[in-house]
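Q: Okay, sequence plus prediction incoming.
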Amino acid sequence: MAGRQDEIVHEQAVVDELYARLDVLRARARGRLRDVRREGPSGSPQNRSERDAFATLYEDRAAQLDAVEDRLAFGRLDLAAPEPDGETAVRYVGRIGLTDDEQRSLLTDWRAPAAEAFYRATSLQPAGVRRRRHLVTSGRRVTGVEDELLDLEHATDDGGQLGAASLSGEGALLAALATRRTGRMSDIVATIQSEQDRIIRSDLGGALVVQGGPGTGKTAVALHRAAYLLYAHRRQLERSGVLLVGPSRSFLRYIDQVLPSLGETGVVSTTLGELLPGITATVVEDGAVAEIKGRLLWADVVRRAVRARERVPERDVRVQLDGHHLVIRRRDVRDAIARARRTHRPHNEARTGFVRDMLARLAEQYQAAEGREHTPEDRAMVLEDLRGMREVRVALNLAWFPISPKKLVDDLLSRPHRLAEAAPELTDAERAAVLRAPWAPWTESDVPLLDEAAELLGDDDDVSRAEERALAAERAEALRHARSVLASGAAAGAMIPVDAETLAERFASGGPRLTTAERAATDRAWTYGHVVVDEAQELSPMAWRLLARRVPTRSMTIVGDVAQTASPAGARSWSAALAPVLRDGWRLEELTVSYRTPAAVADAAQRVAKAVGLPASPLTAAREVPGAIVDVEVRAGGTADAVAHAVAELAREFVGADGGGRVAVIADASALPSLRAAVDDALPDVLGADEFARLAAQRPEDQQVTVLAPREVKGLEYDAVVLVEPVDVAAGPGGWSDLYVAMTRPTQRLTVVHERALPPGFTG
Ligand SMILES: Nc1ncnc2c1ncn2[C@@H]1O[C@H](COP(=O)(O)OP(=O)(O)OP(=O)(O)O)[C@@H](O)[C@H]1O
């Protein structure tokens, strides 16, 4: 024991030194920020924008250094041989890389190649590692060390354990898994397992699908991969950005601390419903309608709907200019439409050419009617007159109607004749299911249709194009300037890795605040360097089309579980879901260890999945928790009381007054109101009025005790779950998948309350 205590004292000294260095760097970044701000708003606009740009860099750096306080250093590698450069054979691994003023490495960033062995080395393949040490810390204090000896030849009897176990840093891992849930996901950087690390560090190129059962760390891995890719491919990704698509706002909130704690803030996180600027689609739609709207055939439907706005009139239209009769001839319109279509430009943009063509034909008729050759000035005037004539405008609009994506899709979904014309492949019943009132609120499955429409229509906005050209010129100028600033060494003192392009963008954006993420989030057609999709099994074929457009390189990380698919529009097989957009251009990785659920819960969920034919991946639980399943069978009508009693007891056991600990009741949506009332009745007696008042005052997203439907707990987790009448959950909109999701939410305890028989497999 004394040996171990000595080790802790030794590591404390190292950790103290690392925090001291962190404090120095923080003070420096703040000092520089103060200096820049002190200069005030004087000087030329160029100087001001330069100062703003540097201020942002220092702010970012200060924020990054603040974010890494918790568990700054968590690992140590003792290497078998001195490294080639003669540096020390001991390497510390932490949240970020730190060097001293002479650029000697003090701490290795977990994402650096030099840290890889910390996650991957095993006693069979030690990769030069003799000992791997996990540092257990609380605040800045080292409270323990956990050693694994990997290179058995050099093993000494120093209390370390053999690294043959399949879990690395088992003690640290199990401790992390057993801690109370806070309602926010935390990073797993200190305990990433080797099968997870392989995925996190997988190449940037191409699409990577990560399939894994519930609780295998898919979300955690996806987030750490985003942080890794931003580190390993910073130049490429910082400017194009990374997009993270999650299933709901509450899910995004659940994960929103992970990337900042890894020092990364540049990821655009969104749901599909909020992906298009100017649209917030939060209405939950009936699954059957979502399925119809998610079918790929809508690509053709929307295309036809656009084409329907380019149409030859039923008859020629006669107009008069200065007493001369002119005819908007059907055949001219047909020719002009054909010619405009041949440009393959979006509808609203191609319209300009169509109108110009038609006006030119009318101007020719006018010249013929006048019987004299027009000078260029005459011609310009005639064209101007024609353009100003109301009848001409109306006739040309009818032939080629300028229309916004919203209007096009709204018309399509609210006007039976438009839908019938554009979607002949749907049955009458399907069309009736899809039709809704004009300007009804947008739903999530409308978003891919709106995006499809926006692609085909384009934005008829000459102004924005002109602005873009001006911006490009401004950027080029800023780049020239940034290069000269860098050459002058002005950024060197900042100790901030910055290249000319990044600096130029900061200069050119005219202000300090416009990050890549912000610019990307407001530009519908932005193409990202990488896209991460979580709960990807829920996406419809049309949603995949939309996402593929966001990343022309197809560099994607797609994580999900086809056994948890609740939406009828979603996927039951990755091949089927991805073939239309990726063909076979994707690679598959599987995660098989459940870190969340206790073994008994994971086993029960697997048995049910197998019994009902869900495509569940193999799943081994990382840990046993005694008494993890509690079966409460009640007489008819006794459910609400039993649930209330169970929740109250679990709240007493798991919920802390410090805000830690989460308990959820999960039931079919129809049962929620009565269960909520029963729980609210029971809690004060068991917990006391004060504790109940504290819980009742919590905001919905922070509630430590909640009553929810399966779709609301997707991707989330709780210390304890009360699952109510499993057969009813399975009969709900998400079917057996909903039950599978509900069963696999707890980290410690699953209490099942039921009046009717449990589903097949539940009890083994
Ligand atoms: N290597 C690890 N170290 C510590 N905790 C881990 C590790 N891997 C996963 N976890 C924890 O396990 C839990 C489940 O992880 P996560 O939510 O990423 O799983 P998932 O596969 O996305 O689950 P679901 O399919 O239910 O959405 C989380 O609390 C996560 O922090």
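A: Structure received. Numbering: from 1, shown residues only.

Q: Next, find the distance separating the closest residue to the ligand within the stretch 501-650 of the chain from R91.
A: The stretch 501-650 of the chain approaches the ligand most closely through Y595 (3.6 Å), counting by CB to the nearest ligand atom. Just so you know, the C-beta spots here come from the backbone N, C-alpha and C atoms, and that holds for glycine as well. Y595 sits 26 Å away from R91, taking CB to CB, to the nearest Å as the criterion.

Q: Could you do V679 as well?
A: Distance, V679 to R91, by CB to CB: 51 Å.

Q: Pull out the buried positions in the top helix by length along the chain.
A: Identified as the longest helix of the chain according to DSSP state H is helix 2-38. Residues of helix 2-38 classed as buried by neighbour count (16 or more other CB atoms under 10 Å): 7-8, 11-12, 14-15, 17-19, 21-22, 25-26, 28-30, 32-33, 36.

Q: what's around R583, how many residues?
A: By other CB atoms under 10 Å, the residues close to R583 number 9.

Q: domain ranges for the protein?
A: Using the TED database, the domains assigned to the chain come out as 1-168, 199-276+524-594, 287-308+404-457, 317-399, 461-508, 624-754.

Q: ok, back up a step: kindly tell me how buried the residue of the stretch 501-650 of the chain closest to the ligand is, as a neighbour count.
A: Every residue meeting other CB under 10 Å relative to Y595 is counted, giving 22.

Q: Tell me who's in contact with it.
A: Each residue near Y595 by CB atoms under 8 Å, 6 or more residues apart in numbering is listed here: 173, 177, 215-217, 622.

Q: would you turn the domains of the chain into CSV with mean pLDDT?
A: Compiled in CSV, the domains of the chain are given as follows (pLDDT from 0 to 100):
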stretch, mean pLDDT
domain 1-168, 84
domain 199-276+524-594, 93
domain 287-308+404-457, 96
domain 317-399, 95
domain 461-508, 56
domain 624-754, 95
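
Q: So which of the ones you listed is nearest S617?
A: Among the domains of the chain, the nearest to S617 by CB to CB is domain 199-276+524-594 (4.7 Å).

Q: What is the linear distance spanned by that closest one between its boundary residues?
A: Its start and end residues considered, domain 199-276+524-594 measures 16 Å (CA to CA, to the nearest Å).

Q: Then stretch 583-595?
A: From start residue to end residue, stretch 583-595 stretches across 32 Å - CA to CA.

Q: so how far is that stretch off the chain centroid?
A: 18 Å (CA atoms, centre = their mean, to the nearest Å).

Q: Would you mind listing what in the stretch 551-700 of the chain touches the ligand?
A: 561, 564, 595-596 (CB under 6 Å from any ligand atom).

Q: Tell me which of the residues you listed fall in helices.
A: Going by DSSP H, the helices hold none of those.

Q: Max pairwise distance over the residues you listed: which two?
A: It's Q564 and Y595 that sit farthest apart of those, by CB to CB, at 16.1 Å.

Q: still on that earlier bit, now for the longest helix of the chain, which elements pack on it?
A: The helices and strands touching helix 2-38, judged by 3 or more CB pairs under 8 Å, 6 or more residues apart in numbering; DSSP states H and E, are helix 45-67, strand 73-79, strand 90-94, strand 98-99, strand 105-109, strand 129-138, strand 141-149.

Q: just to revisit the earlier point, pipe the domains of the chain into TSV and attach distance to P615 per row.
A: Shown next, in TSV, are these (distance: least, CB to CB, whole Å):
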stretch	distance to P615
domain 1-168	25
domain 199-276+524-594	5
domain 287-308+404-457	18
domain 317-399	40
domain 461-508	44
domain 624-754	10
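
Q: who wins for proximity to G183 among the ones you listed?
A: Among the domains of the chain, the nearest to G183 by CB to CB is domain 624-754 (5.8 Å).
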